[in-house]
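**Q** Dropping the sequence and predicted coords here.
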Amino acid sequence: MQIPPIHNSGAPYAWLTVFQIMRIYRVVLAVSLTRELIVIVLGNVSGLINLIVFVFLLTFLGAIFAVQLFRGELPQQDNQGNDIEVPFSTIYNAFLGMYQILSSENWTQIVYTVTSYGKSFHSSWIGAIFFVIWFTLANFIVLNMFIAVIQENFDITEDEKRLQQVKAFLQRRELSGSSNGTLSLSTIFKLGRESRHRKDPLDYGPATMEMLLKDAVVRDFLDEMEPVTTSSPNIQTAGEDRPQSETDSTAPTSFWGKLVGRFKDKEPNPFYSRLQFSRAYEDLDPRSMAREVVSAQDRRKKAQREYLAKHPRYNTALFIFKPTNSIRKICQRIVGPGRGIQRIQGVEPIKAVWYTFSGFIYVAIVAMVLLACITTPLYQKEYFKEHPKKVLRNWFSYTDLGFSVVFTVEAIIKVIADGFFWTPNAYFRSSWGFIDGLVLVTLWINVATSFYNKGAVSRAVGAFKALRALRLLNVSDSARDTFHSVIILGGWKVISAAFVSLSLLIPFAIYGLNLFNGQMSMCNDTTSGITNLTNCVGEYGSTPFSWTVLSPRVVSNPYYDFDNFGSSLSILFQIVSEEGWINVMWSAQSITGRGLQPAPFVSQGNALFFVVFNLLGAVFVLTLFVSVFMRNYTEQTGVAFLTAEQRSWLELRKLLRQISPSKRPSNQPHERWKNWCYRQAVKKHGQWQRIITTILILHLILLMLEFYPDVEWWDRARDYLFLVFTLFYAANIMIRIVGLTWPRFRRSSWDLYSILSVSGTFITTILLLSNFKSMVFVRLHKLFLVSIALLLIPRNNSLDQLFKTAAASLTAIGNLLATWFVLFLVYAIALTQTFGLTRFGGMESGNLNVRTVPKALILLFRASCGEAWNQIMEDFATIREPLCVGSNDFFESDCGSAGWARGLFISWNILSMYIFVSMFVSLIYESFSYVYQRSSGLSSVSRDEIRRFKQAWATFDPEGTGFITKEAFPRLLGELSGAFEMRIYDGEFTVGRILEDCRVDPATAARRNTDSAPGIVDGVNLVALRRRLSQIPVHEIRRRRKKFNIFFEEVLVSADPDRGISFTSVLMILAHYNVISDNKSLRYGST
């Protein structure tokens, strides 16, 4: 490559520099942070390469079809004189167009272009169907296969999963991260009540802990029968002396190493050091670890007592307040421990005072955030104009001062109670204490700046107001844990994935710099035939809105370029988000040379750079983030280490807990019509139900037959048909209420929903037929009509199962959405405070801006979907003088800020579009993947099985109370069949079946000679009876009897003393005995 003819060849040499750039792999593999993740991701490199080849081959095949269908139909330019980028004139051009559709970037532009020009050939429908099918296949199916291929590399074997569960259980308390004694808002509302089924097994005391750590229990869970090893690794706290043989031979001997060693060799603090093992944690035998963990907690407590005895002033808050200080005890009575769940040498808080104080603080937090949303820069500017004398004495400055005082008092109480930093329960040692402290500091900075500058604040101080919303993360324990596990604990995973992404972005940025440096510039006058940019001088007639205006000719880049490494890296990062890469590729295809005006389709080969980068960069990086965060989130929640059977049981348990008992009809003669209503209500496949289902389908079809412009008589006919259908729905509701009775009817969410939907439809339809046609009212009427179509969901088993799964997962989804919304609010306030006064650019409008927090939330949601986020960012970054009014006073300037714009938008893109979208994908996958697993317990527990169980239960609980007496329970077992059947003798070995097979007709026996049939007694052939009895599987019957006795005792023990045996309890226990295997389906330490 250094041969002069090649080195001086220009473009060929630039393309050949790829061989020099590929050497960067040495640096990438030399860094352990990137090497470990790349080795995992590329573990199945052959499968990844095969998938990439498959994508290109499939796109090439689609291009062949597209050329045959559309070549010759599209001109080179449209009616406005603009070039059509994908006219499908060649196979190569068609390939680029089909790949553009695969990437989903501006794919509708191709569809609309083809359908508009196909109208004259009456072939628009062919193009529309073709592209929709291709988009569905390529984008929804093929691209998501990359997630499956990479995710597969993170999977471990089923046995390894069970091993990891034991290890996770053992380190849940001893090796846990920083916990917090701060109450969440949901805990305050519950007044501290905790449901028993959610209680951690370790919370039941040392007896349960010891039982779970028995060697037999661990070995039974792991299903291992080999002899138990007697080796027991030593557990020691950080900093304890280790044998010389274990000392790292690569320890640094330099001055820096000695300096670090001095700090590392300091006396360990047992309050903050984590337990360490003499060997790597992954190499430990769980059974040996179980025996060690039993005494680990005692060792730590002993070390803590010795440390406090040796350093008596360590637990002195602010070096003033000792544990026995009365002021400190008063503060401890008000708040919980600042760090951890148990206070060292202190008193427990008074629950009523603690909850009241926490409630007051949450009210202050919500009020503070609401006022931050209201007092936008635009509001403050208008306020100062209307009240020029209140620049210093304005109400929002004093409210900020009040909030600062309140939270300062809170911090002082917590610091006095538990210490600042160097105490066992130090307030600012926890991650949440650090966040609270950061918010408090920014509050005082805002107050001081406001009073010092007479009401004016800088852009930076205004942006830091957004941090106030972070305190809303305490809305629930789950939301707080989600943020802690993803952002704080998962921060290292973010850095690792980011470095792997950069290892791909940086080489391509260098390569793009070599290829396109200085070649993206163009003259804004595209009508004068200018070819050399040196001629782009003077003025020309520009026609922006159908009239000619003299404008100066300017040579400039688009909002992207490759003129330096920073610009190259920036635009490639934007391309990774699948946004704007088509525009960049089109500019690259139009390159004619440095200093020359671009021309269409001159350098079509340049497009290959962007196609390859889009596949390797955008698809790979996005897929990497999705896979890494799916793994990270599932590891934090424990789902990553669940076997297929355990996942199935968790989701099956959600569904079983939603089932409620049915009510039986009355047998009174005068209530026969109620019995008929009951039969129609409970009969899922009866004639009446088929009629309602047919009407719902007709209702859905009728909704699809709306068009514009409409015909008056057709609209009126549809309204009358909808009214008739609504009367049927109302009749169905009345039948169900009469048959099931109101208490039973209201237990079903679908029935309550049907009342709301049908009543709303009936009222709006009547009013519409009476010519009451307000626009708002018409839209409300259409909303009710569409809502009725949802009633088809419970009438289909598959849809009903998916919907129930979604309903059962609403808590987890809600917690994730709550955490996500808090971050939305943080960035919305930051954008509003930073760019609330910035003038609009090309992408902003009256609806798309950050003038107010609600509009900023909408913009952020759009940016989370990757829709033109980079162009919006460039608008706020490039609006500067002379295009705006500059001023040192923030309220008098309408300029943007490149640093703040790129910092906020890029960080939001990474945080929301990559991390939280990946977590949402992970959560949905976690909640629904079991539905399609053949190993799932749902294969045996169908709706018919549930229905039979409910019918059997209704025999003994006709009112549907959910409880039966202990005396009725044995008779219930006799009624059960199918998956929930619980019998000792079943099938051909029941008493009735055996007697039936051995019975002889008395008339036939009388005609026979008694000598020939001596074994017949009372019509039973004793010989046949003896033969049948000998066929009974004795060992199996004994096993069943033992299982039946244990089951029976378990049900009786779990019964309520007053109300009797619970419907849900029997259903869940039956599932344990008949549907799942506890050893395979239960997690270690769960029930």
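**A** It's in.

**Q** Please make it C-alpha for all contacts and neighbour counts, starting now.
**A** Fine.

**Q** Would you point out which residue is most central in the chain?
**A** Phe920 (2.0 Å; C-alpha atoms, centre = their mean).

**Q** Count residues in the vicinity of Asn325, would you?
**A** Asn325: 14 surrounding residues under other C-alpha atoms under 10 Å.

**Q** if I look at it, how far off is Trp422?
**A** Per C-alpha to C-alpha, to the nearest Å, Asn325 is found 17 Å from Trp422.

**Q** and what of Arg71?
**A** Arg71 sits 75 Å away from Trp422, going by C-alpha to C-alpha.

**Q** now Leu467
**A** Note on Leu467: its distance to Trp422, by C-alpha to C-alpha, is 26 Å.

**Q** more neighbours, these two?
**A** Each of Leu467 and Trp422 has its neighbours counted (other C-alpha under 10 Å); Leu467 has more, 23 against 17.

**Q** hang on, that one packs against Leu825?
**A** No - using C-alpha atoms under 8 Å, Leu467 makes no contact with Leu825, being 9.5 Å away.

**Q** just for the stretch 501-650 of the chain, where's the confidence low?
**A** For the stretch 501-650 of the chain, the stretches flagged by pLDDT under 70 are 618-619, 633-634, 636-640.

**Q** which residues in it form strands?
**A** Assignment of strands within the stretch 501-650 of the chain using DSSP state E, counting those that start in this stretch yields the ranges 522-523, 539-542, 549-552, 555-556.

**Q** and what of the stretch 251-400 of the chain?
**A** With DSSP E, counting those that start in this stretch as the criterion, the stretch 251-400 of the chain has strands spanning 275-277.

**Q** Can you say which of the strands of the stretch 501-650 of the chain is packed in most?
**A** strand 522-523 (a mean of 22; mean count of other C-alpha atoms under 10 Å).

**Q** Tell me the strands beside that one, with direction?
**A** Strand 522-523 sits in its sheet next to strand 555-556 (antiparallel), going by DSSP bridges.

**Q** would a markdown table of the strands of the stretch 501-650 of the chain with distance to Tyr307 be doable?
**A** Putting these into a markdown table (distance: least, C-alpha to C-alpha, whole Å) gives the following:
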| stretch | distance to Tyr307 |
| --- | --- |
| strand 522-523 | 72 |
| strand 539-542 | 81 |
| strand 549-552 | 78 |
| strand 555-556 | 69 |
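
**Q** Of these, give the one that comes closest to Thr316.
**A** Thr316 lies closest to strand 555-556 among the strands of the stretch 501-650 of the chain, at 65.3 Å (C-alpha to C-alpha).

**Q** List the contacts of that closest one.
**A** Ser521, Met522, Cys523, Asn524, Leu533, Cys536 (C-alpha atoms under 8 Å, 6 or more residues apart in numbering).

**Q** picking up where we left off before, kindly format the C-alpha coordinates of the host helix or strand of the residue nearest to the centre of the chain as PDB.
**A** Using DSSP states H and E, Phe920 falls within helix 917-928. Coordinates of each C-alpha in helix 917-928 appear next as PDB, following Å, rounded to 0.1, in the frame of the first residue of the first chain:
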ATOM      1  CA  VAL A 917     -36.200  -0.200  25.700                       C
ATOM      2  CA  SER A 918     -33.900  -3.200  26.000                       C
ATOM      3  CA  MET A 919     -35.200  -3.800  29.600                       C
ATOM      4  CA  PHE A 920     -38.800  -3.500  28.300                       C
ATOM      5  CA  VAL A 921     -38.100  -6.100  25.600                       C
ATOM      6  CA  SER A 922     -36.500  -8.300  28.400                       C
ATOM      7  CA  LEU A 923     -39.500  -7.900  30.600                       C
ATOM      8  CA  ILE A 924     -42.000  -8.800  27.900                       C
ATOM      9  CA  TYR A 925     -39.900 -11.800  26.900                       C
ATOM     10  CA  GLU A 926     -39.700 -12.800  30.500                       C
ATOM     11  CA  SER A 927     -43.500 -12.600  30.900                       C
ATOM     12  CA  PHE A 928     -44.600 -14.200  27.700                       C
END
